[in-house]
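> Requesting a structural model of the entry that follows:
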Amino acid sequence: MSSNKSAQPISASAEGPGLTLYGGDGTGRRVTVRDLARAKRAGERWPMLTAYDAMVASVFDDAGIPVLLVGDSAGNNHLGYENTVPVTMDQLVMLTGSVVRGTKRALIVADLPFGSYQESPEQALRNGVRFLKEAGAGAVKLEGGRRSVPQVEALVAAGVPVMAHLGLTPQSVHAFGGYRVQGRDAESAEQLIADAKAMQAAGAFAVVLECVPEELAARVTDLLDIPTVGIGAGAGTDAQVLVWTDMAGMTTGHTPRFVKQYVDLRSALGDAAKAFAGDVVGGAYPAPEHAFH
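As a prediction, the model looks like this:
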């Protein structure tokens, strides 16, 4: 595993040698929410990616990505749904367990899907505990600001770390009338700030800010003691997250403005599949060296 030599170590104690969030230096343990808090204080930026299976998760873990999110984005990026709303707890528990088994170092955060926590704090706690007990996740994520305070408080009080999610919350796509930037006017910006402060006060260890103006995200980041994770929120947040299929060029059709594609994996896999098919049709595969005698 590579090490980022320029980053400032943020964890040096009886727990082991210093831990730099991106890359790491062989502490032999997983990243924790305490490491993220130290990174905030030290001004260390860090990356987060989604993952939905053991194989892809192992690639990102080996690359040193410190936090992996098993997002309900699995709905439209892995399971073939139109959006995230249909995703169930059983589906995400299965996917989260796979990601946990495929990794050794990353903090694994599991998304509480639509309908799994809105009913009551008791429902949120019951399903949050499932992710830790059945799948081995290190934390959960839920959407919503002040309306979700009782859920966050119940989870944190029971020992379940919570990452909050504000701004464009995809589970509310029907209420929003589509995927729209949030917090552009003064009133909604102040509401988002109040929601972020409420999430911190309730015990959340980090806040995702999705599709909000860069200036607002930077302001929230300065106001909070906990890390902010931006996605379409500009460069002023403490961390950045992307859906891995967007980042790797697997997504078809329109991609959001904030996405940067780092490789055209869809074309590469398509070319490999065509080459395999051509070898089979033409008789070049399997060759003698691929056969048993």
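> mind checking pLDDT for residue 184?
Looking at residue 184, its pLDDT is 87.
> That one: helix or strand, and which one exactly?
Secondary structure from DSSP states H and E places residue 184 outside every helix and strand.
> what's near enough to touch it?
Shown in contact with residue 184 (C-beta atoms under 8 Å, 6 or more residues apart in numbering): residue 213. Glycine gets a C-beta too; all of them are placed from N, C-alpha and C.
> So which residues of the stretch 51-200 of the chain form helices?
54-62, 74-77, 89-101, 121-130, 149-157, 173-176, 186-202 (DSSP state H, counting those that start in this stretch).
> what's the third one in contact with?
Defining contact as C-beta under 8 Å, 6+ apart, one finds that helix 89-101 is touched by 51-54, 57, 68, 70, 72, 74, 78-79, 108, 110-111, 113, 116, 127, 130-131, 134-137.
> So which of the residues you listed belong to strands?
68, 70, 108, 110, 111 (DSSP state E).
> quick revisit: out of the contacts of helix 89-101, which end up buried?
Applying 16 or more other C-beta atoms under 10 Å to the contacts of helix 89-101, the neighbour count classes 51-54, 57, 68, 70, 72, 74, 78-79, 108, 110-111, 113, 116, 127, 130-131, 135, 137 as buried.
> dump the residue contacts of residue 50.
So residue 50 contacts 68, 69, 70, 71, 73, 74, 77, 241, 242, 243, 244, 245 (C-beta under 8 Å, 6+ apart).
> Can I have the buried ones of those residues as a PyMOL selection?
What follows is the PyMOL syntax for the buried subset of the contacts of residue 50, where burial is set by 16+ other C-beta under 10 Å:
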select buried, resi 68+69+70+71+73+74+77+241+242+243+244+245
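> Low-confidence ranges, the stretch 151-293 of the chain, go.
170-179 (pLDDT under 70).
> The host helix or strand of residue 222 - contacts with which helices or strands?
Assessed by DSSP H and E, residue 222 sits inside helix 214-223. Applying 3 or more C-beta pairs under 8 Å, 6 or more residues apart in numbering; DSSP states H and E, one finds that helix 214-223 makes contact with helix 186-202, strand 206-210, strand 228-231.
> neighbours around the nearest residue to residue 221 once chain neighbours are set aside, how many?
In space, and not counting its chain neighbours, residue 221 is closest to residue 228: 4.5 Å by C-beta to C-beta, 6 or more residues apart in numbering. Other residues near residue 228 number 25, with proximity taken as other C-beta atoms under 10 Å.
> Next up, the contacts around residue 228.
196, 206, 207, 208, 209, 217, 220, 221, 237, 238, 239.
> Identify the residue spatially nearest to the fifth one, adjacent ones excluded.
Put plainly, it is residue 209. Per C-beta to C-beta, 6+ apart, closest to residue 209 is residue 233, 4.3 Å.
> Confirm that neighbour sits in a strand?
No. Read with DSSP: H, G, I helix; E, B strand; the rest coil, residue 233 is coil and lies in no strand.
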